[in-house]
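S.K.: can you look at this prediction? I've put the sequence above it.
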Amino acid sequence: MKEITLNGKFMASESSAQKYLFDVFDFPEYYGNDLEGFYDALTDITEETHVTIINRECMEITSYGSRLMWVFEDAASDNSNLSLAWTEVSYEEY
């Protein structure tokens, strides 16, 4: 199983999130830099993958971060190879 840990403080804005997610997930070049493209890429994952997201509160306070949280949750419910966990960690701990 592939395990990925993401930090919510890098996913609060669209510009920072898109680059961060592209780098972490190593998506193909055709990956669209928007939420629909990200959803498609997540639902295309064929290897069993567990994603843990820390610093959720950083995402919750922005409109983009909140929408991205829904994309993660929707993709995890639509792709049996993708599981998701939220872990509360303070800025100082990570």
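M.R.: Received, thanks. Bear in mind the structure is a predicted one, so any value in this text is a computation, not a measurement.

S.K.: middle-most residue in this structure, spatially?
M.R.: The centre of the chain sits closest to Phe72, judged by C-alpha atoms, centre = their mean, with a distance of 5.6 Å.

S.K.: just checking, next helix/strand downstream of the host helix or strand of that residue?
M.R.: Phe72 belongs to helix 63-78 when elements are defined using DSSP states H and E. Note on helix 63-78: by DSSP H and E, the next helix or strand toward the C-terminus is strand 82-87.

S.K.: re earlier: and the helix holding Phe72, which residues are buried?
M.R.: By 16 or more other C-beta atoms under 10 Å, the buried positions in helix 63-78 come out as 64-65, 68-69, 72, 75-76. For the C-beta atoms, the positions are set from N, CA and C on the backbone; glycine is no exception.

S.K.: show me where this structure has its helices.
M.R.: Counting by DSSP state H, the segments of the chain that form helices are 14-25, 35-43, 56-60, 63-78.

S.K.: what comes up buried for the second one?
M.R.: It refers to helix 35-43. Using 16+ other C-beta under 10 Å as the test for burial, helix 35-43 gives 35, 38-39, 41-43.

S.K.: compute the inter-axis angle for the worst-scoring helix or strand of the chain on mean pLDDT and helix 35-43.
M.R.: Within the chain, no helix or strand scores below helix 14-25, which has a mean of 88 by mean pLDDT, DSSP states H and E. Interaxial angle of helix 14-25 relative to helix 35-43 (axes from the mean of the first three to the mean of the last three C-alpha atoms, to 10 degrees): 20 degrees.

S.K.: what's in contact with helix 14-25?
M.R.: Contacts with helix 14-25, where a contact means C-beta atoms under 8 Å, 6 or more residues apart in numbering, come from 4, 6, 10-11, 27, 31, 33-34, 38, 41, 64-65, 68.

S.K.: good, we can wrap up now.
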